[in-house]
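# Take this sequence and fold it.
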Amino acid sequence: MNAHEKTWLGHPRGLATLFMTEMWERFSYYGMRALLLLYMTGSVLQPGLGFREKRASLIYALYVGTVYLMGVPGGYVADRWLGHRRAVFVGGVFIAAGHFSMAFSSMTTFYLGLCLIILGTGLLKPNVSTIVGTLYTKDDTRRDAGFSLFYMGINLGAFIGPIICTPLGQQINWHIGFACAGVGMVLGLIQYVFGQKYLVPVSEAKPSKIEPLAPEPIAPKTPFTREDWGRIAAASILTLFALIFWAGFEQAGSSLTLFADRATRLTFFGRTFASGLFQSVEPFFVIVFSPVFAWLWLKLGSRNPSSPAKFTFGLFFLTLSFLLILPAAKYYQTHQVRVSPFWLIGLYFLQCMGELCLSPVGLSMITKLSPPRIVGFMMGVWFLATAGGNYLAGWVAGFLENRTYSEVFTIAFATAAAATLIAALMIPVIRRWMGGVR
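All right, here's what the predicted structure looks like:
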């Protein structure tokens, strides 16, 4: 049986290679991210670099924002020079080198490591997703299910990474935790190298001889119609709402990390756990409830909510999550007594509901609404929104230097609530601009 004929769970065998590559990359990313802010400010379990919250939050914001921002030039470099498969490998090497650089105790290797991870993720992240698409024809009924499996790999890595890296980093040595993240990326690279033979695009006539794909015909540059402009406007507004969502959602790695470490009870049955473990809670919920949401959307059929409605639901659940955590933050502020971990678990459950309403819809929405000749540009705008949301999430955590947790969470709640209300009011307008696209 030829490489392109082998299957995995009913899908092209190459999907297994990419599933594992992305899983290990997300293992390394989220494993290190769970430690990053605590390493800079210091944890209750051990001291770190001793940075003030404002400085640490600014560094964190620049890091997580730039990681996603680099996906735009990373995709361009792969398209023009490296090729997608080589870009994934080179990116993985940079990521592993970055984590191992942070395993050394010096400011030079710390900043060098962050820069290497940024460059590597910019090469790997957009291009591994692109390769997934090449495994299927555009009309292959397995295509959406394949991307759903791939999305599960992302969340599996995000779930496992903090579980393994944070106890090593917080309870033993920060640099061992960073090195563990690097080991994960190396494992991902090893299986990627051995599994590359299965990454055969469906358009390849002879899988044993890899030839570059012929360029797709370029769409004629006719002026955009009124309907085109309406769809571009709809996609742009929904992308702005996504930026607001990510700014609140990504508090998981910033203000909520500090709340977990300093204001949440970490002792269970007489044993103290690393606060970074809380960052595995939301990915766990995603893994559990993704099939439920997939079934729900299928069951609703023609009653399936439109993309603007799903974005509104996502913002609504984000609003509820910060409304839930406010009493706990105020209780800690008043009594200076650590609160139950179930407050954070409840928050992450609600945010999982929001993510499943908004995130899987986003990329599909961009490809459906964008005119063919600017779909790449609009996808870049989507990644810019993700980068902006991550940056704002880190920047907001810097408020904790002069404000309380309840004040910061109130800002997040009020922003999300206002965005939810505006999104709900705009649903009819956006749907009209979408020109029949759901």
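# and Gly248, what does it touch?
318, 321-322, 393, 412, 415-416 (C-beta atoms under 8 Å, 6 or more residues apart in numbering). Glycine gets a C-beta too; all of them are placed from N, C-alpha and C.
# out of the residues you listed, which are inside helices?
Counting by DSSP state H, the part of those found in helices is 318, 321-322, 393, 412, 415-416.
# Dihedrals phi and psi, His11?
Note on His11: backbone dihedrals following degrees, to the nearest 10 are phi -120, psi 170.
# ok so, going back, single out whichever of the contacts of Gly248 has the smallest pLDDT.
On pLDDT alone, Ala393 ranks lowest of the contacts of Gly248, at 91.
# ok, and the closest non-adjacent residue to that one?
Leaving out its chain neighbours, the residue that sits closest to Ala393 by C-beta to C-beta, 6 or more residues apart in numbering is Glu250, at 3.5 Å.
# That neighbour reaches Tyr391, doesn't it?
No. Glu250 lies out of contact with Tyr391 (C-beta atoms under 8 Å); the separation is 9.1 Å.
# Now for those two: what residues contact both?
Any residue near both Glu250 and Tyr391 by C-beta under 8 Å, 6+ apart counts here, and that gives Val64.
# that older thread, which residues touch the residue nearest to Ala393?
In this structure, Glu250 makes contact with 64, 389-390, 393-394, judged by C-beta under 8 Å, 6+ apart.
# which of these sit farthest apart?
Pairwise distances across the contacts of Glu250 (C-beta to C-beta) peak at 10.1 Å, for the pair Gly389 and Gly394.
# Pick out whichever of those two has more residues nearby.
Counted by other C-beta atoms under 10 Å, Gly389 and Gly394 do not tie: Gly394 has more neighbours, with 26 against 21.
# Does the residue nearest to the more buried one when sequence neighbours are not counted lie in a helix or a strand, and which?
Using C-beta to C-beta, 6+ apart and skipping residues adjacent in sequence, the residue nearest Gly394 is Ala61, 2.7 Å away. Using DSSP states H and E, Ala61 maps to helix 53-69.
# So which other helices or strands are in contact with the helix or strand that that helix is followed by?
Reading on from helix 53-69 to the C-terminus, the next helix or strand found by DSSP H and E is helix 71-77. Applying 3 or more C-beta pairs under 8 Å, 6 or more residues apart in numbering; DSSP states H and E, one finds that helix 71-77 contacts helix 84-101, helix 107-134, helix 375-397.
# Ok, which of those helices comes nearest Pro428?
Short answer: helix 375-397, nearest of these by C-beta to C-beta, at 22.7 Å.
# Helices along the protein, start to end?
14-41, 53-69, 71-77, 84-101, 107-134, 143-166, 174-195, 226-249, 255-263, 281-300, 307-335, 342-369, 375-397, 405-433.
# out of those helices, deepest packed?
helix 14-41 (a mean of 26; mean count of other C-beta atoms under 10 Å).
# quick one: that one to chain centroid distance?
10 Å (C-alpha atoms, centre = their mean, to the nearest Å).
# Please work out the angle formed by the directions of it and helix 255-263.
Angle, helix 14-41 to helix 255-263, by axes from the mean of the first three to the mean of the last three C-alpha atoms, to 10 degrees: 50 degrees.
# Low-confidence bits of the stretch 201-350 of the chain, can you list those?
Filtered on pLDDT under 70, the stretch 201-350 of the chain yields the residue ranges 203-221.
# Only alpha carbons, please: show stretch 50-61 as PDB.
Taking C-alpha atoms only, stretch 50-61 is exported to PDB below (Å, rounded to 0.1, in the frame of the first residue of the first chain):
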ATOM      1  CA  GLY A  50      11.700  39.300  41.000                       C
ATOM      2  CA  PHE A  51      10.200  41.500  38.300                       C
ATOM      3  CA  ARG A  52       7.300  43.800  39.300                       C
ATOM      4  CA  GLU A  53       3.900  42.900  37.900                       C
ATOM      5  CA  LYS A  54       3.900  45.700  35.400                       C
ATOM      6  CA  ARG A  55       7.300  44.900  33.900                       C
ATOM      7  CA  ALA A  56       6.600  41.100  33.800                       C
ATOM      8  CA  SER A  57       3.100  41.600  32.300                       C
ATOM      9  CA  LEU A  58       4.600  43.900  29.600                       C
ATOM     10  CA  ILE A  59       7.200  41.200  28.600                       C
ATOM     11  CA  TYR A  60       4.500  38.500  28.700                       C
ATOM     12  CA  ALA A  61       2.200  40.600  26.600                       C
END
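# what's it in contact with?
36-37, 40-42, 49, 114, 253-254, 258, 390-398, 400-401.
# Next, give me the two most distant ones among the ones in helices among the contacts of Gly248.
Ser321 and Ala393 (13.5 Å).
# one step back: got the contacts of Glu250 as JSON lines, with distance to Ala309 columns?
Formatted as JSON lines, the contacts of Glu250 follow (distance: C-beta to C-beta, whole Å):
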{"residue": "Val64", "distance to Ala309": "29"}
{"residue": "Gly389", "distance to Ala309": "21"}
{"residue": "Asn390", "distance to Ala309": "25"}
{"residue": "Ala393", "distance to Ala309": "25"}
{"residue": "Gly394", "distance to Ala309": "30"}
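# Against Leu344, how distant is the residue nearest to Gly394?
21 Å (C-beta to C-beta, to the nearest Å).
# ok, for Phe383, nearest residue in space, not its chain neighbours?
The shortest distance from Phe383 to any non-neighbouring residue, by C-beta to C-beta, 6+ apart, is to Gly71 (4.7 Å).
# Spit out the contact partners of that neighbour.
Here Gly71 is in contact with 121-122, 125-126, 383, 387 (C-beta under 8 Å, 6+ apart).
# Put together CSV for those, with pLDDT and distance to Arg85 on each row.
Below are the contacts of Gly71 laid out as CSV (pLDDT from 0 to 100; distance: C-beta to C-beta, whole Å):
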residue, pLDDT, distance to Arg85
Thr121, 93, 17
Gly122, 91, 16
Lys125, 88, 14
Pro126, 83, 13
Phe383, 78, 20
Ala387, 90, 25
